[in-house]
Every structure is written in C-alpha cells, then in structure tokens.
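K.L.:
A predicted structure for the sequence below; I have some questions about it.
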Amino acid sequence: MTRYRYNTATTLDGFLADDTDSLDWLLKQDFDENGPGNFGAFMAGVGAQVMGATTYEWILDHEKGAWTYTAPTFVFTHRDLQPVAENITMVSGEPADHRQAIEAAAGEKDVWMVGGGDLAAAFQAAGMLDEVIVSIAPVTLGSGRPLLSAPLDLRLEECDRNGEFLVARYAVVGPLGSR
Ligand SMILES: NC(=O)c1ccc[n+]([C@@H]2O[C@H](COP(=O)([O-])OP(=O)(O)OC[C@H]3O[C@@H](n4cnc5c(N)ncnc54)[C@H](OP(=O)(O)O)[C@@H]3O)[C@@H](O)[C@H]2O)c1
C-alpha cells in the first residue's frame, strides 16, 4: 500500500509560511541535516511528491529556477503553469482523480505531500494521507499559510529533538471525533 506522508516544517502555532509566503523564520534556524527527522533518510523512501502551486512557485523562486528533485512531482494548479522539468506534471481537480497516476509514479515507495495545508486536507478527505511529520520551529507568527486546514484526530508515533526543532511523527486517525 502506498503511504502518503506529509512532511514539513511548521511554526509552533501551525503555519507553513507567513502571509507573504516568506520562510525567513525557518531558514534562520539551526537543523542537523544528519539528526532526527533529517530529510535524506526521508527522501530515500519517496517515490513521488505532490504539492500546490504556491509551494511550487516558492521552490522555483528560491532555487532561481532550478529543479533538483528527481522524484516525479504532481503540482496542483488551476493555471496554465509550465513545468520546468520533465518529471513535473501539472494537475487540477480532486486528489482522487490522480490517485492512480500518483501511485503508479511512486511505485513501491511513499508519496511525499509537500504542502500546503488546504491541499493536505483535500488529500486527507480523499483517504490519501497516512502520516503527518512536522519539524516544529520555536517561532509563532500569529497568521500565515496553514499547516493543515482540516479538523483531524492524529496519533503521536514518535518524537525527538533536532537543534531547536521538535520533530514529531503522527499517524492520521481520521476526522476529529474518530476516537
Ligand atoms: N514550512 C515548510 O517547510 C513549507 C512546506 C511546504 C510549503 N511551504 C510554504 O507554504 C506556503 C503554502 O502555500 P499555500 O497555502 O498557498 O498552499 P499551496 O498548496 O502551496 O498552494 C495553493 C494553490 O495550489 C493550487 N491548488 C490547490 N489545490 C488545488 C486543486 N485541488 N486543484 C487545482 N489547484 C489547486 C491553487 O493555485 P492556483 O492559483 O494555481 O490554482 C492554490 O491557490 C507556500 O509559501 C510554501 O512555500 C512551507
């Protein structure tokens, strides 16, 4: 069974980015790339990734147009965005409409839900979200782009510290009230 894993950094008050899509609050933090919750270990299990258009455009801006991900990537957008690499597919509509293609692309590996929070909620509603893995920075923003805009019950599976981050892995149980 394909596992859908939402792995992201977040502020303590549950934001992926501020109101202007800035990650300055995140990029200034110390994080041990070989420590708990490190991305190398996670990415080794990733066969495909999915993200919303804002996240895609942020990556392109931040990487000055370069695309370094090797896994097939599905970008959700209503616009006519041009993929900058052959392994990027632009899609729209319901996550379930693309389930077969995403899972075929992932093969035996996991799907990384990169973000954002509304898309993660849509995937959960479609039964396509198994885990939420967060690296929680010691920051609050008060407002910004939501981590996960759905009321859910989760089960804490693991937690650890990496630098100033609290790293936690949760299993998605279901809509709030499932347990
Ligand atoms: N802290 C972290 O580690 C981390 C991780 C991930 C993301 N981020 C940041 O968090 C922010 C997230 O941005 P966001 O909240 O706007 O979320 P997003 O999911 O990145 O982008 C939302 C956009 O995706 C498109 N979209 C979403 N669902 C769709 C659907 N079902 N069909 C078609 N298009 C769909 C729409 O764009 P269109 O206008 O193209 O239709 C929508 O406005 C970004 O700034 C990103 O860089 C941070």
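P.N.:
Nice, thanks for sending it over. Numbers count the residues shown, from 1 in each chain.

K.L.:
count of residues packed around D110?
P.N.:
Residues within reach of D110, counting by other C-beta atoms under 10 Å, total 23. Where you see a C-beta, it was placed from the backbone N, CA and C, and this is true even at glycine.

K.L.:
T70 and M113: what is the separation?
P.N.:
18 Å (C-beta to C-beta, to the nearest Å).

K.L.:
give me the more crowded residue out of the two.
P.N.:
Between T70 and M113, counted using other C-beta under 10 Å, the more crowded position is M113 (27 against 10).

K.L.:
tell me the bridge partners for that one.
P.N.:
Listed beta-bridge partners, M113: Y6, V50 (assigned using DSSP bridges).

K.L.:
from the ligand, how far out is it?
P.N.:
M113 sits 9 Å away from the ligand, going by C-beta to the nearest ligand atom, to the nearest Å.

K.L.:
over to I102?
P.N.:
13 Å.

K.L.:
pretty sure W58 contacts T20?
P.N.:
No - assessed by C-beta atoms under 8 Å, W58 is found out of contact with T20, at 10.8 Å.

K.L.:
who has more neighbours out of the two?
P.N.:
Using other C-beta under 10 Å as the criterion, W58 and T20 rank with W58 on top: 20 against 8.

K.L.:
ok but the more buried one is inside a strand, no?
P.N.:
No - assessed with DSSP: H, G, I helix; E, B strand; the rest coil, W58 is helix; it does not lie in a strand.

K.L.:
with adjacent residues omitted, what lies nearest to whichever residue of the chain sits closest to the ligand?
P.N.:
Nearest to the ligand in the chain, going by C-beta to the nearest ligand atom, is G52, at a distance of 1.8 Å. Spatially, and ignoring its direct neighbours in sequence, G52 is nearest to L119 (4.5 Å; C-beta to C-beta, 6 or more residues apart in numbering).

K.L.:
quick check: residues of the protein near the ligand?
P.N.:
Proximity of the chain to the ligand is confined to 8-10, 16-17, 21, 23, 26, 51-55, 58, 76-79, 92-93, 114-119, 122, 145 under the rule C-beta under 6 Å from any ligand atom.

K.L.:
pull out the buried members of those.
P.N.:
Neighbour-count burial (16 or more other C-beta atoms under 10 Å) applied to those gives 8-10, 16-17, 26, 51-55, 58, 76, 114-119, 122, 145.

K.L.:
and the helices in the protein?
P.N.:
24-27, 39-43, 53-62, 99-106, 117-125 (DSSP state H).

K.L.:
and those: which comes nearest T2?
P.N.:
Distance to T2, taken as C-beta to C-beta, is lowest for helix 99-106 among the helices of the chain, at 4.6 Å.
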